[in-house]
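Peer 1: Provide a 3D model corresponding to the input given below.
(2 chains)
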Amino acid sequence: MALTPTLLLGGLERGLNALLARDPAAPGRLARLAGQRILLRLERPALTLAMAFHPQGIDLLRPDDEPETAFDAVVEADAETLGELLGGAPLERLMFQGKLAVRGRIHLLEATRDLLMDLDLDWEGELARWLGDVPAHSLAEGVRHLGRWGLRTRQELCADVAEYVFEEARLLPGRHQFEGLRDHLTELEVATDRLEARLARLRRRLERGGDA
Amino acid sequence: MTSSDKRTTHFGYQDVPVEEKAARVADVFHSVAARYDVMNDLMSFGIHRLWKRLTIERAGVRPGHSVLDIAGGTGDLTAKFSRLVGPRGRVVLADINESMLRVGRDKLLDRGVGGNVEYVQANAETLPFPDNTFDCITIAFGLRNVTDKDAALRSMARVLKPGGRLLVLEFSKPGNPLLNRAYDDYSFHLLPRMGQLVAGDADSYRYLAESIRMHPDQETLKGMMQAAGLERVEYTNLTGGIVALHRGIKL
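Peer 2: This next block holds a predicted model:
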């Protein structure tokens, strides 16, 4: 259906612009970028996306047979590289590795990454506007507490599962046992090779004896 | 009676004298202008925003372009075009109806859209612009109400620059008979009631449903655009063909 990508892109654009509107540093950065356009071409999944900056945010569009020269920068990458880029990997390293191709104004890509990655949302302040200061703070404290509890629970769960699997149920060998087994297997392999060589020598001797 | 007295055109399912259609359409839009946006969202369940978004994507507008948004109504397309063409470009919002143009201008000014937007009250059949003026022309849900559609398409082709694009977003004919039936029930029974409830005007919305049925289907409109001198005319059916987006290029 022709409208599904349009719907997804529209939703993404709305979400992104709503986030940018909450970031106190975004207006200055957007003002510097306003009027510029980046063409983003992903190889896998095949996707072409035009990003047009304006003082209030970003317009995301699927470009329609527009020439590359109509854009200020053209970026070609695969989804994995894009993830690395957004994760903070240096632009130069990705370009030298041949994973990322940028034509046009390279600094635009850096500015875009800064804009999206340095989003500093004052979500507690936003909650306070709706709920009032004290309830918003209690709620935020609750969410932070829940986050810490979640992290601790996850670590404990991992440790418990590991202990059960390795020590109690003995479903999997521990690291030491595993390494011991590997050493024995290597020894066996070497002994088998030696035996094979010895048999081959005996066979050669028998053949020579038969000929004589 | 002279022969010109006998020339009639359709106004919904009625036949009216050619000279009267524009005035009657104007009455419809004077009546609905204030509630136009709310009704659009209600009637289309909000999908009209996606149809318009796709139109903008297909328009290929970039900084510095001149865009004409005919029958731009309350300025949905103009607002986005104004951002895309930037301070070096310009967008002209044209509508034949004064009420709609006023609502559109107020809305855009309230949203801080200005500087590169101009407002023109104009008839699409005789556009008051020099030849080869615009890089892109859009007419969204407006062609249906024009008395002489062929003249309007010719006039648009005239003011379009060579290489420029004309995009026509308009109601069309659904391909699936089941969908067609549900759509008929919806537009002839539910739509006038919604119009009565929200905008206090059932007749205008009855006209809307009737005028959609009288509008040429996808292939006919494509032929009309080609006859007006546009090339590489193609169309995309949206939401099962309830709406179609036609695009032609002036070469």
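
Peer 1: In a helix, residue A:85, correct?
Peer 2: Yes - the assignment for residue A:85 by DSSP: H, G, I helix; E, B strand; the rest coil puts it in a helix.

Peer 1: neighbours around it, how many?
Peer 2: Residue A:85 sits with 21 neighbouring residues when counted by other CB atoms under 10 Å in any protein chain shown. Just so you know, the C-beta spots here come from the backbone N, C-alpha and C atoms, and that holds for glycine as well.

Peer 1: surely it meets residue A:112?
Peer 2: No - Residue A:85 is not in contact with residue A:112 according to CB atoms under 8 Å; the separation is 9.8 Å.

Peer 1: Strands of the chain, residue ranges please.
Peer 2: As the question left the chain open, I've gone with chain A. Ranges of strands in chain A, per DSSP state E, are A:37-42, A:47-54, A:57-61, A:73-77, A:101-104.

Peer 1: nope, chain B please
Peer 2: With strands called from DSSP E, chain B shows them at B:8-11, B:14-17, B:66-70, B:90-95, B:117-121, B:134-140, B:160-171, B:231-238, B:243-249.

Peer 1: which one's the longest helix in the chain?
Peer 2: If you meant another chain, say so; for now it's chain A. Of all the elements of type helix in chain A, the one with the most residues (DSSP state H) is helix A:175-211.

Peer 1: wrong chain, I was asking about chain B
Peer 2: Chain B, longest helix under DSSP H: helix B:18-32.

Peer 1: What is that one packed up against?
Peer 2: Counting contacts by 3 or more CB pairs under 8 Å, 6 or more residues apart in numbering or on different chains; DSSP states H and E, helix B:18-32 is packed against strand B:8-11, helix B:98-110, helix B:202-214.

Peer 1: Go through it and flag the buried ones.
Peer 2: Across helix B:18-32, burial judged by 16 or more other CB atoms under 10 Å in any protein chain shown covers B:21-22, B:25-26, B:28-29, B:31-32.

Peer 1: Run through the chain and note the low-pLDDT ranges.
Peer 2: Went with chain A since none was named. A:1-2, A:212 (pLDDT under 70).

Peer 1: The chain in question should be chain B.
Peer 2: Applying pLDDT under 70 to chain B flags residues B:1-6.

Peer 1: if we go to 80?
Peer 2: Residue ranges of chain B with pLDDT under 80: B:1-40, B:73-74, B:195, B:198-206.

Peer 1: Export the helices and strands packed on helix B:18-32 as TSV, with columns for distance to residue A:36.
Peer 2: Below are the helices and strands packed on helix B:18-32 laid out as TSV (distance: least, CB to CB, whole Å):
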stretch	distance to residue A:36
strand B:8-11	48
helix B:98-110	24
helix B:202-214	41
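
Peer 1: between these, which one is nearest to residue B:143?
Peer 2: Ranking the helices and strands packed on helix B:18-32 by proximity to residue B:143 (CB to CB) places helix B:202-214 first, at 10.5 Å.

Peer 1: how far does the closest one sit from the chain's center?
Peer 2: Centre-to-centre, helix B:202-214 and its host chain are 15 Å apart (CA atoms, centre = their mean, to the nearest Å).

Peer 1: Please name every helix or strand in contact with it.
Peer 2: strand B:8-11, helix B:18-32, helix B:191-198.

Peer 1: Next, the angle from the last one to helix B:202-214.
Peer 2: Right, helix B:191-198. Counting by axes from the mean of the first three to the mean of the last three CA atoms, to 10 degrees, helix B:191-198 lies at 150 degrees to helix B:202-214.

Peer 1: helices or strands up against helix B:191-198?
Peer 2: Helix B:191-198 is packed against helix B:36-44, helix B:202-214, with contacts defined by 3+ CB pairs under 8 Å, 6+ apart.

Peer 1: out of these, deepest packed?
Peer 2: Of the helices and strands packed on helix B:191-198, the one with the most neighbours on average (mean count of other CB atoms under 10 Å in any protein chain shown) is helix B:202-214, at a mean of 19.

Peer 1: related to what we said a few turns ago, out of the strands of chain B, which comes closest to chain A?
Peer 2: Proximity to chain A (CB to the nearest CB) singles out strand B:231-238 among the strands of chain B, at 5.7 Å.

Peer 1: Near chain B, which residues of chain A are found?
Peer 2: A:2-3, A:6-7, A:9-10, A:34-35, A:37, A:52, A:54, A:59, A:61-66, A:70 (CB under 8 Å from any CB of the partner chain).

Peer 1: Recalculate using a threshold of 6 Å.
Peer 2: Contact residues, chain A versus chain B (CB under 6 Å from any CB of the partner chain): A:2-3, A:6-7, A:10, A:35, A:54, A:61-62, A:64, A:66, A:70.

Peer 1: Of these - the most surrounded one?
Peer 2: Counting neighbours by other CB under 10 Å, residue A:61 leads the residues of chain A next to chain B with 26 neighbours.

Peer 1: wait, what's in contact with it?
Peer 2: Residue A:61 is in contact with A:50, B:57, counting by CB atoms under 6 Å, 6 or more residues apart in numbering or on different chains.

Peer 1: Could you find the closest non-adjacent residue to residue B:199?
Peer 2: Of all residues not flanking residue B:199 in the chain, residue B:35 sits nearest, at 4.2 Å (CB to CB, 6 or more residues apart in numbering or on different chains).

Peer 1: now the one you found: how far from residue B:141?
Peer 2: As judged by CB to CB, to the nearest Å, residue B:35 and residue B:141 stand 15 Å apart.

Peer 1: Residue A:190 too?
Peer 2: Separation of residue A:190 from residue B:141 (CB to CB): 82 Å.

Peer 1: Those two: who's more crowded?
Peer 2: residue B:141 (19 against 10).

Peer 1: got the contact list for the more buried one?
Peer 2: If a contact means CB under 6 Å, 6+ apart, then residue B:141 has no contacts.

Peer 1: Could you report the neighbour count for residue B:182?
Peer 2: 13.

Peer 1: again with the one 4 residues further on
Peer 2: One way to gauge burial is a neighbour count; for residue B:186, by other CB under 10 Å, it gives 14.

Peer 1: Ok, residue B:240 next?
Peer 2: Neighbour number of residue B:240 under other CB under 10 Å is 16.

Peer 1: Tell me how far it lies from residue B:74.
Peer 2: The gap separating residue B:240 from residue B:74 is 26 Å, by CB to CB.
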